[in-house]
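Asker: Sequence and predicted model, in that order:
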Amino acid sequence: MDSSLLDTGTADADALLGKLLLDSGMDPAQLMSVMGESTGGGEEQKTSGGIPYVQVTPSPGFCVKLKTKSGEKVFINVCHSDMVPPTRDISDDELLKVLESDDMTQFRIPMCIGEPHAEVDKSGGGCTAYDVIVHTDFIRKLQTSELFQTFFLTIVCEGIEEKFTTELKRDWVILKNRRNIGKLQEQTVRTKSKPLIMDMENSFGQPESHGRPPGLIQEVDEFQMKDIEKKQAPEPRFSIVKEPADGHPEFLVAEIHLPLVKTAQTLALDVGEDRILLDTRSNVYHLDIYLPYNILQEDVGAQFDRCTKILTLTMPVQPQS
């Protein structure tokens, strides 16, 4: 890693990133999306509730020190594993073009943000550590590109803030002599993708201005087993239609009515080959149904209309053999 990036603040890099985000009309919070991916690794795969997952023990990469806005010390262990999906290798110039483009889905950085764990720093004081896992190859990118490193750490901070309801300062320091603080935690990662759910302002497909569009960072969910085992919530009203209506369909379109849901951020959706599994934060709704046709999982689209409170799934059907 360039020594100029070690034990330094990031004011200049932050200014560069801020300009990029300003020029692209986005702020960092708008770049974070939640979406599972296939790991394709060699670890033993298990299933729970019909959803496959794998245990991942990451290797250390580098450690970042920063503080919360209330002054509490925080460390981010940026670690790596081949079990996390790889990030497509692009240049700094290509990243700049993505930031300036209208299509933010053309490049994503898969990661897994683990639960916070209490640790003790070198002075004996208490602190909080977060383990963030990326693919092994991407660690090398972060060590050689200041632009990628600044962009990545800015978005990681946004992700931690949203996921754990905290506020972090951006004057981070990358430690020279410590690759991680505390013991890296084993994480349970899903091995099948789930659709990205876009918040929509209205029924005509216009994006909600305060919602989060598809971003450049995608979190590979840490699979919470307690969510599968919890008591089921009421089933929402739903309908499924074929397109076209006669013969073998090209698509299935599902409309799921969720009147008590405010935003897509509270939804956890999985579409299997022939199954829809939907849960909501606070256990408001639970839907688990099987479909009459096999679905092309990777091409499923999902949109949540904040006005009508309807989640619409567009599911391409596998062709007849």
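Answerer: Done, it's in.
Asker: now this protein, which segments are flagged as low pLDDT?
Answerer: 1-52, 102-106, 190-232 (pLDDT under 70).
Asker: pull the longest helix from it.
Answerer: Ordering each helix of the chain by length in residues (DSSP state H) puts helix 146-164 first.
Asker: Which strands or helices does it pack on?
Answerer: helix 11-24, strand 32-34, strand 73-80, helix 92-100, strand 109-113, helix 136-144, strand 217-219 (3 or more CB pairs under 8 Å, 6 or more residues apart in numbering; DSSP states H and E). Every residue, glycine included, has its C-beta placed from N, CA and C.
Asker: And the next helix or strand past that helix?
Answerer: strand 173-174 (DSSP states H and E).
Asker: Tell me the helix or strand right after that following strand.
Answerer: strand 187-190.
Asker: For that following strand, name the packing helices and strands.
Answerer: Applying 3+ CB pairs under 8 Å, 6+ apart, we find strand 187-190 packed against strand 51-56, strand 126-134.
Asker: and of those, who's closest to Gly301?
Answerer: Gly301 lies closest to strand 51-56 among those, at 19.9 Å (CB to CB).
Asker: Heading C-terminal from that closest one, find the next helix or strand.
Answerer: strand 59-67.
Asker: In the sheet, which strands lie alongside that following strand, parallel or antiparallel?
Answerer: The pairing partners recorded for strand 59-67 under DSSP bridges are strand 73-80 (antiparallel), strand 173-174 (antiparallel).
Asker: Dump those to JSON lines, plus mean neighbour count and distance to Thr312.
Answerer: Formatted as JSON lines, these follow (neighbours: other CB atoms under 10 Å; distance: least, CB to CB, whole Å):
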{"stretch": "strand 73-80", "mean neighbour count": "23", "distance to Thr312": "36"}
{"stretch": "strand 173-174", "mean neighbour count": "18", "distance to Thr312": "43"}
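Asker: Include distance to Gly159 when you put those strands into CSV, please.
Answerer: Supplementary listing: the strands paired with strand 59-67 in CSV, determined by distance: least, CB to CB, whole Å:
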stretch, distance to Gly159
strand 73-80, 10
strand 173-174, 18
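Asker: Of all those, which one is nearest Gly125?
Answerer: Taking CB to CB, strand 73-80 is the member of these nearest to Gly125, at 6.7 Å.
Asker: Run through who's touching the closest one.
Answerer: 58-68, 119, 121, 125-136, 138-139, 142, 153, 156, 160, 168, 172, 179-182, 184 (CB atoms under 8 Å, 6 or more residues apart in numbering).
Asker: The same query, at a cut-off of 7 Å, please.
Answerer: Identification of contacts with strand 73-80 by CB atoms under 7 Å, 6 or more residues apart in numbering yields 58-68, 121, 125, 127-136, 139, 142, 156, 168, 180-181, 184.
Asker: circling back to that earlier point, out of the helices and strands packed on strand 187-190, deepest packed?
Answerer: strand 126-134 (a mean of 22; mean count of other CB atoms under 10 Å).
Asker: mind listing what the nearest residue to Glu119 once chain neighbours are set aside touches?
Answerer: Distances taken as CB to CB, 6 or more residues apart in numbering put Gly182 closest to Glu119, at 3.7 Å, once the chain neighbours are dropped. The contact partners of Gly182, by CB under 7 Å, 6+ apart, come to His117, Glu119, Ala129.
Asker: what comes up buried for stretch 287-294?
Answerer: Across stretch 287-294, burial judged by 16 or more other CB atoms under 10 Å covers Leu287, Leu291, Tyr293.
Asker: beta partners for the first one?
Answerer: Here Leu287 shows beta-bridge partners Leu278, assigned using DSSP bridges.
Asker: Against Asp270, how distant is it?
Answerer: 10 Å (CB to CB, to the nearest Å).
Asker: again, but for the second one
Answerer: Spatial separation of Leu291 from Asp270 under the definition CB to CB is 13 Å.
Asker: just to revisit the earlier point, can you list the buried residues of stretch 287-294 in CSV and add distance to Ser81?
Answerer: Output for the buried residues of stretch 287-294, formatted as CSV (distance: CB to CB, whole Å):
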residue, distance to Ser81
Leu287, 32
Leu291, 33
Tyr293, 35
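Asker: neighbouring strands for the host helix or strand of Leu252, and are they parallel or not?
Answerer: Here Leu252, judged by DSSP H and E, is contained in strand 251-257. When pairing is defined by DSSP bridges, strand 251-257 lines up against strand 238-243 (antiparallel), strand 310-316 (antiparallel).
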